[in-house]
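> need a 3D model of the sequence below.
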Amino acid sequence: MKPVFWIVAALIVPAFVFWGIGSAVRAKNLSYVGKIFDKKIYYDELKNTLNWLVVSKYADSVHNIHKYPAIYEEAWRRLILLDEAKRKNIRVSNQELASYIMLMPYFQRNNMFDSAAYRYLLTYQFGIDTKIFEDEAKKTLMIAKLQQKIFTDYNPSDEQIRQEYFRLKEAVKVEYIVFPSVNFKHMASIDKAEIESYYSKNSLSLKKPEQVDVEYIRLPIKPFEADIEPNEEDVKSYYETHKEEFEIKESPKPKDEKVSTEASGKNELYKPQKTYRTLDDVSYYIRKRLIMERADKKAHKLIDDASEALIDEPDMKKAADKFGLTLNQTGFFSSDEPLKDIGSSKEFSTTSFNLKEGEISQILKIRDSYYILKLISNRKPHIPAIDEVSDQIKDALVNERAFLLAKESCASSLLKIKEMLKDPGSNFRDIVTSLGFEVNSSDYITSNSVIPKVGISEEFLDTAFSLERGAISEPVKIAPGYALIRLIDKKRPDEETFIKEKDKFSEEIIYKKKLSRLKEWEEALLKKANLESNLDKF
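Next up is the predicted model:
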């Protein structure tokens, strides 16, 4: 079963996000919570799936599900994969199920499965019936077996491996000129009539997704570290109670051969004594750890007090003022939009979109800060007025025109270079420099290289590998603008090197191909399921 467990651990890749989910499943009397493959999913089935995920993935109580807003999309994904496993008649034996549960670390004592701990934790800590837990565990193994089947169902021929080897190992050396579109923006003037014309033709593409406006209290943890200074007794106490953290794993070999001989004479294995890093060696680490832990506790106590105050009086401004905190406001933003001072945070975004107007969130910990959120307003998807998007349209038109100007400059420069190269004494680098452009050069690059000043560009690499030595390309579109490429040299691996490296290469490339195929298969399956979620009605 090891491959199955490995698949469970390493290959479960979230592949989709859906919109409009509610903050929690709060009612049992609605007929169904959604559809997959045109099949209705009822409340209890989703509830058991959510409970399993919060216990098995986060080792937490099902009552704390609000701490994991992304768990709803995980639940739908699990139900879709399970449906496919059933269609393919995937089976799990009782022995496989027992082995899987007995390996779960929080049901073990002294490296052995503890049946009493199993029953106690499920019943009293997690609040889940053992039969439901075992049913969900069985479903997990069914999904893992399904994934393993897809993962292993790829066996390329020797010729396919050979072609892939030569494609990936071939290398080229090039020199190139970059024509960044940003250099032409000042030449791309846009008038009001063009903006109006663009709006009338593309108003549907400008449609704004659902947006929310949130006010939030943010409490950084770092400032609390300033006044914390653990004393020597604190450091020593931590060292004694957490000594196993400082064990030196590679114990030294015995120096005394006599001891080793005597031990072997008694038919006993030599068992080296555990050794630990000294208190002096780790005191700095311990101090830092204690400072961070105590700072976190202080910050959490303050944000928790503010959260408690908001229960009695849900006024964020008053709570912030009372506890000396700062109240911020996001302004309207969409779910995939990074926020100033916060950046990209799925937890912040998902929580914001799951709140009702006027509802206050639980405490969130995002990176190095605590947050409390309150939804001010929700704006449904809409086509904005022209005034709202005129700057956005202007930027788009400027960028479009700047790219066009970069292409024209690239093409005209190519004509000049080719004409000047007809002179027998000329060379590419001198000509380009005389025209006022910079010549960039690469070392040998392969088909997956990142090119300086270009970045990752499949079109650049495909063009470079298609050139003959000394040839110059036509204008090539790249992320920054356009480029001209000249091939200096091309190296291909030989058959002898391929034969030597074939086994190792085969193993690596097949593994990557299997991962890629599994991900593509899952994405296609999730799309095929045609998920319809009713959670926003709960």
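> what number of residues lie near R167?
11 (other C-beta atoms under 10 Å). C-beta here means a position set from N, CA and C on the backbone, and glycine is covered the same way.
> wait, doesn't it sit right on S447?
Yes. With contacts counted by C-beta atoms under 8 Å, R167 reaches S447, the gap being 6.2 Å.
> dump the residue contacts of S447.
Going by C-beta atoms under 8 Å, 6 or more residues apart in numbering, S447 touches R167, L168, E170, L461, F465.
> PyMOL command to pick out the buried ones of those?
A single PyMOL command selects the buried members of those (16 or more other C-beta atoms under 10 Å):
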select buried, resi 461+465
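> out of the contacts of S447, which is nearest to P493?
Taking C-beta to C-beta as the measure, P493 sits nearest to E170 out of those, at 7.1 Å.
> quick check, that closest one in contact with T497.
No. E170 lies out of contact with T497 (C-beta under 8 Å); the separation is 11.9 Å.
> direction included, what does the helix or strand hosting K477 pair up with?
Using DSSP states H and E, the element containing K477 is strand 476-478. Paired strands of strand 476-478, with direction, are strand 481-491 (antiparallel) (DSSP bridges).
> buried residues in the following helix or strand past the partner strand, which are they?
Proceeding N to C from strand 481-491, the next assigned helix or strand is helix 495-528, under DSSP H and E. Across helix 495-528, burial judged by 16+ other C-beta under 10 Å covers F505, S506, I509, I510, K514, L518, W521, E522, L525, L526.
> so what strands line up beside the very next helix or strand once past helix 495-528?
Heading C-terminal from helix 495-528, the first helix or strand you meet, by DSSP H and E, is strand 532-533. If you go by DSSP bridges, strand 532-533 pairs up with strand 34-36 (antiparallel).
> by contact count, what packs against the helix or strand just after the strand it pairs with?
Using DSSP H and E, the helix or strand that follows strand 34-36 in sequence is strand 39-41. Here strand 39-41 touches strand 34-36, going by 3 or more C-beta pairs under 8 Å, 6 or more residues apart in numbering; DSSP states H and E.
> ok, and what's touching the strand it packs on?
40-41, 46, 76, 79-80, 83, 529-535.
> partners of K374 in the sheet?
Going by DSSP bridges, K374 forms beta bridges with E215, I360.
> thinking it is in contact with E215, fair?
Yes. Counting by C-beta under 8 Å, K374 touches E215, with 5.2 Å between them.
> where are the low-confidence patches of this protein?
1-31, 59-67, 249-272, 536-538 (pLDDT under 70).
> buried sites along stretch 339-356?
Buried residues in stretch 339-356 (16+ other C-beta under 10 Å): L339, I342, S345, E347, F348, S349, T350, T351, S352, F353, N354, L355.
> what's near enough to touch the last one?
The one in question is L355. Here L355 is in contact with S23, V212, V214, S361, L373, K374, L375 (C-beta under 8 Å, 6+ apart).
> for those, which one is nearest L103?
When the contacts of L355 are compared against L103 (criterion: C-beta to C-beta), the nearest one is S23, at 34.0 Å.
> what about F428, distance to A471?
Taking C-beta to C-beta, to the nearest Å as the measure, F428 falls 11 Å from A471.
> identify the contacts common to these two.
Joint contacts of F428 and A471 (C-beta under 8 Å, 6+ apart) are R486.
> so for those two, which residue has more residues nearby?
F428 (18 against 10).
> now the more buried one. Nearest residue, chain neighbours left out?
R486 (5.7 Å; C-beta to C-beta, 6 or more residues apart in numbering).
> tell me where the stretch 351-500 of the chain has strands.
Ranges of strands within the stretch 351-500 of the chain are 364-366, 369-379, 440-441, 476-478, 481-491, based on DSSP state E, counting those that start in this stretch.
> same question, the stretch 101-250 of the chain
108-109, 112-113, 171-180, 211-220.
> may I see those strands arranged in JSON lines, with distance to A306 and mean neighbour count as well?
Shown next, in JSON lines, are the strands of the stretch 101-250 of the chain (distance: least, C-beta to C-beta, whole Å; neighbours: other C-beta atoms under 10 Å):
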{"stretch": "strand 108-109", "distance to A306": "39", "mean neighbour count": "12"}
{"stretch": "strand 112-113", "distance to A306": "43", "mean neighbour count": "12"}
{"stretch": "strand 171-180", "distance to A306": "48", "mean neighbour count": "21"}
{"stretch": "strand 211-220", "distance to A306": "6", "mean neighbour count": "20"}
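> tell me which of those strands lies nearest to L279.
Across those, closest to L279 is strand 108-109 (C-beta to C-beta), at 29.9 Å.
> could you list the paired strands of the closest one along with their orientation?
In the sheet containing strand 108-109, its partner strands are strand 112-113 (antiparallel), by DSSP bridges.
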